[in-house]
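# quick one: sequence and predicted model below, then my questions.
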Amino acid sequence: MTTAPPTILFMGRIFEVPWGGVREMAESLLKAAAPIAHEQGREIQVLVPREGLCPVQAPTIREVVLPRFGTNRILWDHWTVSNYANTQTNAVLYNVKLVLPERLKIPGFTTIHDLMYFPQPEKYDWREYLLGDSIYMRAMVRRTVRRAPLTHTDSINTADDARALFPNVPPDRFRPVHIAIEHERYTPGVTLEDDAQLWRDIESKGLKRPYVLHTGGLSRRKNIVVLAKAFAKFHNSHPDYQLVVTGGSKPTVNDPELESALSSLPEGSFVKLGLVSPRALVLLYQRAEFFVFPSLYEGFGLPPLEAQAAGCPVICSNSSSLPEVMNDSALMFDPTSTEQLANHMNSMTEPELRATLIENGLKNAATFTWNKTANEWLSLCDEVAANKK
């Protein structure tokens, strides 16, 4: 007698967030998993606190509304979700973000995207998130990784970080499965009818070509100080270039060094676009001369892959998970070296090098597919369900 595959209970409160990497990952994973789950004869229930939050409609996906009482999200996570989940048979619960409900009695697991809630002095010397959030997440993630039969991580590097931070958890419980990008969104040269107006809207904010692009905002770990200083050196010999930055428009912490580095750039050479639409982001990748990602720490690092998929050559720091993701398809540099980054920027004006990096980048990005990720994620769901821990 063949055992039916377990139902997957997918915690969908993340879809209350209008944008962000984790929300995008959750939506892309559901889209890719839906047809595979349909073929396997399994159901995915997306648990949400209000109707209409689930962004993916498919025969195998069912939105289940578990109302939240008041505004308390923690109560919904740990009481409402577990009450419902514990009534389900042959089911596994998955939370895309770090924490399992405390009262959960059925098997479950989560994804660790990075470990920025935890101090890692050898990797970074600042706190990324609010203190209250950090204290809560540190306690709950520790409990989750001890309880869960396994924990998914976005990269091998993050799995290694988790093994070092949680030495009392068997190391084989941390399972790296790479996330991916939606290739149809970033295809080089593909345009839409409204792109001309959209591009005019972008240009109205002061952008001119040629430009160097960075996405990810101004948080400390994005290392914009080194980027700004390197661009200033590059701009001395290439005064027609601009530096364009998208993402959160304010630093996450007060950073006088960042303010000084940005204010010292020549007038008109720096454009801060803030948050942009998904389609505008694609256009920015496609039309940039090159993309720079100088990050000090990443759990995975999607933006360099997005740039490559859009046909944009990449300069990327060699920190944390980024060498693992780039696979020698980008110019890599020590994120503490302004000089090295400036030299790479100068190299990007050579047409032959740009052509090689574009070709290698397209090949590299093509290896990261959501179909592959979804298949491996569904296998993790089955393994957790079978564990019954």
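Yep, that arrived. Residues are numbered from 1 along each chain as shown.
# neighbouring contacts of stretch 51-68?
12, 15-16, 27, 30-31, 34-35, 37-38, 42-50, 75-76, 80-81, 84 (C-beta atoms under 8 Å, 6 or more residues apart in numbering). Where you see a C-beta, it was placed from the backbone N, CA and C, and this is true even at glycine.
# one more time with 7 Å, if that's ok
12, 15-16, 27, 30-31, 34, 37-38, 42-50, 76, 80-81, 84 (C-beta atoms under 7 Å, 6 or more residues apart in numbering).
# so which of the residues you listed sit within strands?
Using DSSP state E, the members of these that fall in strands are 44-48.
# buried members of the contacts of stretch 51-68 into ChimeraX, please.
Buried subset of the contacts of stretch 51-68, written as a ChimeraX selection, criterion 16 or more other C-beta atoms under 10 Å:
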select :12,15,27,30,31,34,37,42,43,44,45,46,47,48,49,76,80,81,84
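# coming back round to it: including distance to His152 and pLDDT, could the ones in strands among the contacts of stretch 51-68 go into TSV?
What follows is the ones in strands among the contacts of stretch 51-68, written out as TSV (distance: C-beta to C-beta, whole Å; pLDDT from 0 to 100):
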residue	distance to His152	pLDDT
Ile44	16	98
Gln45	19	98
Val46	18	98
Leu47	18	98
Val48	21	97
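# now tabulate these in TSV and tack on distance to Pro351.
Below are the ones in strands among the contacts of stretch 51-68 laid out as TSV (distance: C-beta to C-beta, whole Å):
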residue	distance to Pro351
Ile44	47
Gln45	52
Val46	48
Leu47	52
Val48	50
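# wait, which of the residues you listed is closest to Asn90?
Nearest to Asn90 among the ones in strands among the contacts of stretch 51-68 is Gln45, at 12.3 Å by C-beta to C-beta.
# so the closest one makes contact with Pro6?
No: the criterion here is C-beta atoms under 7 Å, and Gln45 misses it with Pro6 at 11.1 Å.
# one step back: of the ones in strands among the contacts of stretch 51-68, which is the nearest to Thr356?
Ile44 (41.7 Å).
# show me what that closest one bridges to in the sheet.
Beta-bridge partners for Ile44, by DSSP bridges, are Ile8, Ile61.
# can you check the one 4 residues further on too?
Using DSSP bridges, the beta-bridge partners of Val48 come out as Val65.
# what distance do you get for Arg187 to Asn95?
No, residue 187 isn't Arg; it's Thr. 32 Å (C-beta to C-beta, to the nearest Å).
# helices along the stretch 1-150 of the chain, start to end?
In the stretch 1-150 of the chain, the helices defined using DSSP state H, counting those that start in this stretch lie at 21-40, 73-75, 81-85, 131-147.
# got it, and the stretch 201-350 of the chain?
All helices of the stretch 201-350 of the chain, identified by DSSP H, counting those that start in this stretch, fall at 224-237, 256-263, 278-287, 302-309, 322-326, 338-347.
# related to what we said a few turns ago, Thr187 and Asn95: who's more crowded?
Between Thr187 and Asn95, counted using other C-beta atoms under 10 Å, the more crowded position is Asn95 (25 against 13).
# just the strands in the stretch 251-389 of the chain please.
270-274, 290-293, 314-317, 331-333 (DSSP state E, counting those that start in this stretch).
# redo those as TSV? Include mean neighbour count and mean pLDDT.
Shown next, in TSV, are the strands of the stretch 251-389 of the chain (neighbours: other C-beta atoms under 10 Å; pLDDT from 0 to 100):
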stretch	mean neighbour count	mean pLDDT
strand 270-274	17	91
strand 290-293	28	98
strand 314-317	28	98
strand 331-333	21	97
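# can you lay out these as TSV showing distance to Ser219?
Putting those into TSV (distance: least, C-beta to C-beta, whole Å) gives the following:
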stretch	distance to Ser219
strand 270-274	14
strand 290-293	13
strand 314-317	14
strand 331-333	19
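# for Ser347, which of these is the nearest?
Nearest to Ser347, of these and by C-beta to C-beta, is strand 331-333 at 6.7 Å.
# one step back: and the strands of the stretch 251-389 of the chain: which comes nearest Glu203?
Comparing the strands of the stretch 251-389 of the chain under C-beta to C-beta, the one sitting nearest is strand 270-274, at 9.9 Å.
# could you break this structure into its assigned domains?
Using automatic domain parsing, the domain ranges for the chain come out as 7-180+370-387, 183-366.
# good, wrapping up.
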